[in-house]
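**Q** here is the input, now give the coordinates:
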Amino acid sequence: MGIFDKSNLIEIDHTNGKKEIIKILTKESYDSFDESILGLGDITVESIPINALVGIFDLEGFTNFCSHFDPQLVLPEFLSMFLKWIFKQLRLENIDKTYKLGYSVYAELPFYCKFMGDGLMFIWKTDHLRQGQICDIVVTAHEICNKYINEFIKTISDSITNPPPKLRCGLARGIIYSVGNGNDFVGPCINVASRLQKISSLTFCFLKQGIDIRQNDYLNKITVVKNYNIRGISSSELICIIKEEFELLSKEEKKLFVATN
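**A** Numbers count the residues shown, from 1 in each chain. The predicted model follows:
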């Protein structure tokens, strides 16, 4: 319940002798509207810098989907299926070998996840990850975007009509900083990842800085490196995009990218 649900009815006397019933917020309820409702914990705690890889997954067309007939019925069903699916995929794609008591994995699972209204943010710590493991995470993200189109949408076709047609993803490495008791994080790489998942009609894109695609034959084969002006971040950054997606762009869209030597 919000604070405006915590109201009382009181009777007041006017100077003309008339009485009136009005609704008021208690002082306790009114004063409870402060920064604590953000759920960040103690925001005076000193920030902790963390080396990280940030992935922003965005459901393309989610706003239009929310205008669906009877969205109060469709949205909970879709989100329930989607969230269960994507977390399951992150687990499955990370398994190297299965043993009786557990699994050996390619890399660590994300240590932080956040629902962002039309998608999700996942953050991996990279302090103890080798370049090969970082590339494995990038490959996992790419596979999930592909499986959303080729598998997930098909599995929900009997329940959901006109779901978001694509799952887009942008990834970037960098330093993030904790907010409060680590209940949220800020950092330039979060902004970069968010910008990258919105480029043209691309489904998948990542910042080349800190990700050595030469360590992964698959990434090296399917990606191409381009210079790109990331709005509000940098006029020229090296980004990696999928070759096949780039070839499908219009001539005008391709002009936004500059080939590297």
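
**Q** rest of the way, CA atoms for contacts and neighbours
**A** Noted.

**Q** which helix in this structure has the most residues?
**A** Counting residues, the longest helix found in the chain (DSSP state H) is helix 71-93.

**Q** so which bits of that one are buried?
**A** Residues of helix 71-93 classed as buried by neighbour count (16 or more other Cα atoms under 10 Å): 74, 75, 78, 82, 86, 89, 90, 93.

**Q** count of residues packed around the nearest residue to residue 167 once chain neighbours are set aside?
**A** Take residue 167 and drop its neighbours on the chain: the residue closest to it by Cα to Cα, 6 or more residues apart in numbering is residue 59, 4.8 Å away. Residues contacting residue 59 under the criterion other Cα atoms under 10 Å number 20.

**Q** that's a strand at residue 59, yeah?
**A** Yes. Applying DSSP: H, G, I helix; E, B strand; the rest coil, one finds residue 59 inside a strand.

**Q** got a list of what residue 93 touches?
**A** residue 140 (Cα atoms under 8 Å, 6 or more residues apart in numbering).

**Q** and it, how far from residue 137?
**A** Residue 93 sits 9 Å away from residue 137, going by Cα to Cα, to the nearest Å.

**Q** cool, and residue 100?
**A** Between residue 100 and residue 137 the distance, using Cα to Cα, works out to 24 Å.

**Q** and for residue 110?
**A** Taking Cα to Cα as the measure, residue 110 falls 10 Å from residue 137.

**Q** same check, this time on residue 253
**A** Applying Cα to Cα, the value for residue 253 to residue 137 is 28 Å.

**Q** who has more neighbours out of those two?
**A** Applying other Cα under 10 Å to residue 253 and residue 137 shows that residue 137 carries more neighbours, namely 24 against 13.

**Q** which ones are touching that one?
**A** Neighbouring residues of residue 137 by Cα under 8 Å, 6+ apart: 94, 107.

**Q** by how many degrees do the helix or strand harbouring it and helix 71-93 diverge?
**A** According to DSSP states H and E, residue 137 maps onto helix 131-147. Going by axes from the mean of the first three to the mean of the last three Cα atoms, to 10 degrees, helix 131-147 is angled at 140 degrees with respect to helix 71-93.

**Q** tell me where the model's unsure across this structure.
**A** Scanning the chain for pLDDT under 70 picks out the ranges 1-7, 10-11, 69, 261.

**Q** quick check, residue 188 in contact with residue 173.
**A** No. Contact between residue 188 and residue 173 fails when scored by Cα atoms under 8 Å: they sit 9.3 Å apart.

**Q** more crowded one of the two?
**A** Neighbours per residue (other Cα under 10 Å) separate residue 188 from residue 173, with residue 173 holding more: 26 against 15.

**Q** need the nearest residue in space to the more buried one, chain neighbours excluded.
**A** residue 53 (4.4 Å).

**Q** may I have the secondary structure class of the one you found?
**A** strand.
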